[in-house]
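Colleague: Prediction below, plus the sequence it came from.
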Amino acid sequence: MTIVSGFADISLLQLLLVATMALFASIIGGLAGYGTGALMPLVLVPLVGAEPVVPIIAISAMLTNASRALAYVRHADRRRALIVLACAALTTALGAYGYTRLTNAGAALVIGTMLILSVPLRRVLRRVLRRRKVRIGETGLAAGSVGYGVLVGGTSGSGVILLSLLMAAGLEGAAVIATDAMISLGTGLIKISVFGLAGAVTAQVLAFALLIGGMAVPGAFLAKAFVERMPVHIHAAILDVAVITGGLVMISAAARQLI
């Protein structure tokens, strides 16, 4: 993968926009358990292209999830986190490697499609889990983790899959957010290793990742302070509209490149 060299043209105002979106996404993530991977591509793709987006988010997610894990550490289910990581490790590496083979247009198609699908998928999975009271044991969690690994390795915004798996395994509330953060730290290390070997981690990618990740630290603790006061359905609806719109824009841009 050849990372586009558009970073030098980014202004201070654009960097401020990225930092503001990163703080907002971190707060959303702390409240709902996901958000950064769904929101950040909307501002990053127009600035740097699609190819560097997943490496940037993977690296920044280390700080995002570390701060979230620290804020909710006492709620984490370590046993289930280890099960998911053990079963998703190989497929995460394969998904990340597949992503490094994509062109800029291909990366935009993958990210845009995943963002659009994540909205109805989240709603359907949540509805099914609530109505049918679906519960899976450790074997089911392990099997689902294999498929999750492919998605988390090669896309952005796949956090809804992990959240659904953890809820189906019996976790609720802060335990879901904390366990999700621990798992995401592990899969993030795998992705970064693959991206580094493929040459997709440049100084510019690291700079953006550190900016986004740095804003995530206060965001996680702000989210913890607001978690019992803000109606989740309100910001979830806003997030859905933004994610679908951004996904459509990315797919449209990729289609124009392919034509």
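Modeller: Okay, I see it.
Colleague: Residue 107: what's it in contact with?
Modeller: Neighbouring residues of residue 107 by C-beta atoms under 8 Å, 6 or more residues apart in numbering: 49-51, 53-54, 99. (C-beta placed from N, C-alpha, C; glycine too.)
Colleague: nearest to residue 219, of these?
Modeller: Closest approach between those and residue 219, by C-beta to C-beta: residue 53, at 19.2 Å.
Colleague: From the centroid of the protein, which residue is nearest?
Modeller: Central residue of the chain (C-alpha atoms, centre = their mean): residue 37, 3.0 Å from the mean position.
Colleague: now the helices for this protein?
Modeller: With helices called from DSSP state H, the chain shows them at 12-32, 36-48, 53-71, 78-100, 104-132, 138-154, 159-168, 174-197, 203-226, 232-258.
Colleague: Kindly reformat the ones you listed as CSV containing mean pLDDT.
Modeller: Below are the helices of the chain laid out as CSV (pLDDT from 0 to 100):
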stretch, mean pLDDT
helix 12-32, 78
helix 36-48, 78
helix 53-71, 82
helix 78-100, 94
helix 104-132, 73
helix 138-154, 91
helix 159-168, 80
helix 174-197, 90
helix 203-226, 78
helix 232-258, 66
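Colleague: which of the contacts of residue 107 has the most neighbours?
Modeller: residue 54 (29 neighbours; other C-beta atoms under 10 Å).
Colleague: Spit out the contact partners of that one.
Modeller: By C-beta under 8 Å, 6+ apart, residue 54 lies in contact with 96, 99, 107, 111, 154-156, 191, 195.
Colleague: what about 10 Å?
Modeller: Going by C-beta atoms under 10 Å, 6 or more residues apart in numbering, residue 54 touches 1, 37, 41, 44, 95-96, 99-100, 102, 107, 110-111, 152-156, 191, 195, 200.
Colleague: How about residue 44?
Modeller: By C-beta under 10 Å, 6+ apart, residue 44 lies in contact with 18, 21-22, 50, 52-54, 56-57, 111, 156, 208, 212.
Colleague: and which of these is nearest residue 185?
Modeller: residue 57 (13.7 Å).
Colleague: Could you check how far that closest one is from residue 45?
Modeller: Taking C-beta to C-beta, to the nearest Å as the measure, residue 57 falls 11 Å from residue 45.
Colleague: Now for those two: what residues contact both?
Modeller: Between them, residue 57 and residue 45 share these contacting residues under C-beta under 10 Å, 6+ apart: 111, 156.
Colleague: The contacts of residue 44: which two are farthest apart?
Modeller: Across those (C-beta to C-beta), the longest gap, 18.1 Å, separates 22 and 50.
Colleague: mind checking how far the residue nearest to the centre of the chain is from residue 95?
Modeller: Separation of residue 37 from residue 95 (C-beta to C-beta): 14 Å.
Colleague: Pick out whichever of residue 57 and residue 45 has more residues nearby.
Modeller: Legend: neighbour count by other C-beta under 10 Å for residue 57 and residue 45, higher for residue 57 (28 against 24).
Colleague: roughly how far apart are the more buried one and residue 142?
Modeller: Plainly put, residue 57 is 26 Å away from residue 142 if you go by C-beta to C-beta.
Colleague: for residue 62, same thing?
Modeller: Residue 62 sits 24 Å away from residue 142, taking C-beta to C-beta as the criterion.
Colleague: just the contacts of residue 107 now: which is nearest residue 78?
Modeller: Closest approach to residue 78 among the contacts of residue 107 (C-beta to C-beta): residue 54, at 27.1 Å.
Colleague: Could you count how many residues lie near the residue lying closest to residue 85 once chain neighbours are set aside?
Modeller: Leaving aside its sequence neighbours, residue 85 sits nearest to residue 186 (C-beta to C-beta, 6 or more residues apart in numbering; 4.3 Å). Applying other C-beta under 10 Å, we find 18 other residues in the vicinity of residue 186.
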